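> structure of the sequence below:
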Amino acid sequence: MPFLANTPVEKMPGPYARRWWALLVLCLSLLITVMANTSLIVAAPSMTTDLGLSSSDLQWVVDSYTVPYAALMLVLGAIGDKYSRRGALVLGLLLFAGGSVVGSMVDETALVIVARAIMGVGAAVVMPATLSLVVATFPRSERTKAVTAWAATSGLAVAVGPLVSGWLLEDHAWGSTFLINVPIALLGVLGALALVPPSKAQGMGRIDYVGGLLSIVTVGSLIYAAIEGPHSGWGAGPVTAAVVAGVGLAAFVAWELRHPQPMLNVRKFALRPFSGSMLAVLFFFFGMFAVIYYVTQFLQFVLGYGSLDTGVRLLPLAGAVFLGSALTGVLTPKLGVKPMVVTGLAIGTAGMFLLTQIDKGSTYGDLLPPMMMLGLALGLAISPATDTIMGSFPESELGVGGGANDTALELGGALGIAVLGSLLGTAYRDELTDLVGNRLPPEAMETAKDSVGAGLAVAQRVGQDPSAGPQQAQAAVDAVHQAFAHGVAQTSLIGGIIMAAGTLIVLAVMPGRRGFAKHNAEPGAGTTANETATAREHAGSPR
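Below is the predicted model:
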């Protein structure tokens, strides 16, 4: 057997012999792109101290990765379909590694933001390529298991990112959290060439670059407005971005409806299995990423855990994801997609509401049940939703399908951190003002209200002031802890309401088992007439 996998998938007489090894490479490639988002949450305090980041600076260090990541996936998925899905994966991994090298070497905020943006572009190439290659490489009879493994990996990365970052920060500077990506990305490149077979769409026409540009403008502007509006106020910039997003969306829909070969066939949103699954992915990651964002801060700043200890305490989330993935693999063929997706969303919503009980005296044991509920929910819901989305696209549009799924995932996560993160900041500031009042100088009070980390730094300075003393310093620490715990509880209430509304919307939009069987049997839905029986089995319809 040759070292390089040179035979295209579409020319193989039967299933690819090394497809499970190929899946391992694809999951590894996915792992580092998602980890790049979550690992930075643990590294943020170290970066803030070293680089002197303001709250706005830190926001853009995080989101300079997210904006290109979410905005470019649809277009880059189509380009991968047209020319080479494996080639796109290799190019994306190299670009991601290059951005990681830059990020590990620089010591200026602007350059870190640039490095993160380069990584975001690379991730936007990698993520849809991994999903399209999974679907292209596996026969329909095994595809659901492969997609389940892919979805479980994205959930695993949410927990593993903080763990790896915390382990590195025990003995190394924050630049190591960038540099660790390089050997993994290079290993992914070698693995892709050796184990992942080439694949591209057959008979694909011209790429709809106008539609692609409109999608980039729409998603990019929407995320910019969602980040900057709540954080910096709804001035001219965020308002203009919101208007551009609205106009761009209208123009995108109008263009796609008239184009003979659209970038994304927007008529698919009239198909209830597809639109329900897209909404499920969006709403779930809206809550999931936000919870990781503020639970990690609670573990570090309120409970006082170090970086590594914080990462270790997020591991049960990964275990719950694998449990949910195992259950959905068994139960989805029997019960159908809708029960699993809606049940997952309902469990995740309950976990979010459970976080409303958090207060200053809460311990890790109080955080563990909601985290495990969210992990279980992700494992149950995301795999069948992703499988349905990918099953809505023909073989020639798998990259576009992967881009659509991943855009919903990343858009939901970005909006969750932006919207709920902003609500958390507002609740924290208001509660801290009520608790402390005028007992701090105005300048110190403004600094303390910027973030929980800044509040604890101010309390430390109070302790070093001879005119104050340890009692006043402890009172300031207690006030910061109470204010942040109050913010977590209030934010979780709003987040739970939003997720509950999303659960009801998905429940109303998604059809029953017969609707899924009809959807999977329709021409252009990614299945052929010979695969209809398998599609019905996956949907849970009677055999």
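> wait, isn't L368 in contact with L314?
No. Assessed by C-beta atoms under 8 Å, L368 is found out of contact with L314, at 10.1 Å. Glycine gets a C-beta too; all of them are placed from N, C-alpha and C.
> tally of neighbours for L156?
26 (other C-beta atoms under 10 Å).
> once you drop chain neighbours, what's closest to it?
Nearest residue to L156, sequence neighbours excluded (C-beta to C-beta, 6 or more residues apart in numbering): A318, at 4.9 Å.
> which one's more surrounded, L368 and L314?
Each of L368 and L314 has its neighbours counted (other C-beta under 10 Å); L314 has more, 25 against 14.
> before we move on, the earlier item: quick check: the residue nearest to L156 vs L335, distance?
25 Å (C-beta to C-beta, to the nearest Å).
> quick revisit: correct me, but the residue nearest to L156 touches S154?
No. The pair A318 / S154 is not scored as a contact, 11.1 Å apart, by C-beta under 8 Å.
> those two: which is more packed in?
S154 (25 against 19).
> contacts only, for the more buried one.
For S154, the contact set (C-beta atoms under 8 Å, 6 or more residues apart in numbering) comprises L30, V34, I382, L409.
> ok, G248 next?
By C-beta under 8 Å, 6+ apart, G248 lies in contact with L214, V217, T218, S221.
> quick check: closest non-adjacent residue to it.
Using C-beta to C-beta, 6+ apart, the closest residue to G248 is T218 (3.6 Å).
> swap in V9?
In space, V9 is closest to S199, 4.5 Å off (C-beta to C-beta, 6+ apart).
> any idea how far that neighbour is from T33?
Where T33 is concerned, S199 sits at a distance of 19 Å (C-beta to C-beta).
> state the helix or strand in which the nearest residue to S362 once chain neighbours are set aside lies.
Excluding the flanking residues, the one nearest S362 by C-beta to C-beta, 6+ apart is A485, at 6.6 Å. Per DSSP states H and E: A485 is located in helix 470-509.
> can you tell me the closest non-neighbouring residue to T148?
T148 sits nearest to S383 (C-beta to C-beta, 6+ apart), 4.1 Å away.
> about what we covered before: what's around the residue nearest to V9, how many residues?
Other residues near S199 come to 26 when the count uses other C-beta under 10 Å.
> quick one, what contacts it?
By C-beta under 8 Å, 6+ apart, the contact set of S199 is P8, V9, E10, S84, R85, R86, S132, L133, A136, T137.
> mind listing which of these are in helices?
R85, R86, S132, L133, A136, T137 (DSSP state H).
> does the fifth one touch S396 like I think?
No. With contacts counted by C-beta under 8 Å, A136 stays clear of S396, the gap being 10.3 Å.
> who's more crowded, the two?
Ranked by neighbour count (other C-beta under 10 Å), A136 and S396 place A136 first, with 25 against 16.
> what's the closest non-adjacent residue to the more buried one?
Excluding its sequence neighbours, the residue lying closest to A136 (C-beta to C-beta, 6+ apart) is S199, at 4.4 Å.
> V25 is in contact with L195, correct?
Yes. Contact criterion C-beta under 8 Å: L195 and V25 qualify, at 5.3 Å.
> so the nearest residue to P262 once chain neighbours are set aside is in which element?
Nearest non-adjacent residue to P262, counting by C-beta to C-beta, 6+ apart: E256, 4.0 Å away. In this assignment (DSSP H and E), E256 forms part of helix 236-258.
> quick one: that helix to chain centroid distance?
From the chain centre to the centre of helix 236-258 is a distance of 23 Å (C-alpha atoms, centre = their mean, to the nearest Å).
> so how far is the very next helix or strand once past it off the chain centroid?
Per DSSP H and E, the first helix or strand lying C-terminal to helix 236-258 is helix 272-297. Averaging C-alpha positions (C-alpha atoms, centre = their mean) puts helix 272-297 8 Å from its chain's average.
> can you name every helix or strand that the very next helix or strand once past helix 272-297 contacts?
Of the helices and strands lying after helix 272-297 in sequence (DSSP H and E), the nearest is helix 307-313. Packing partners of helix 307-313 (3 or more C-beta pairs under 8 Å, 6 or more residues apart in numbering; DSSP states H and E): helix 19-51, helix 140-169.
> of the ones you listed, which is nearest L279?
helix 140-169 (16.3 Å; C-beta to C-beta).
> what lies in contact with the helix or strand just after that closest one?
For helix 140-169, the succeeding helix or strand toward the C-terminus, using DSSP H and E, is helix 176-179. By C-beta under 8 Å, 6+ apart, the list of residues contacting helix 176-179 from outside reads 39-40, 42-43, 100-101, 103-104, 115, 164-165, 168-169.
> what about 10 Å?
Under the criterion C-beta atoms under 10 Å, 6 or more residues apart in numbering, residues 35-36, 39-40, 42-43, 46-47, 97, 99-106, 112, 115-116, 119, 161, 164-169, 172-173, 307 lie in contact with helix 176-179.
> could you list the low-pLDDT ranges of the chain?
1-3, 55-56, 465-469, 515-543 (pLDDT under 70).
> got a list of what the residue nearest to S362 touches?
F298, V302, I358, D359, K360, G361, S362, Y428, E431, V452.
> ok, for the first one, nearest residue in space, not its chain neighbours?
Beyond its immediate neighbours in the sequence, the residue positioned closest to F298 (C-beta to C-beta, 6+ apart) is V488, lying 6.0 Å away.
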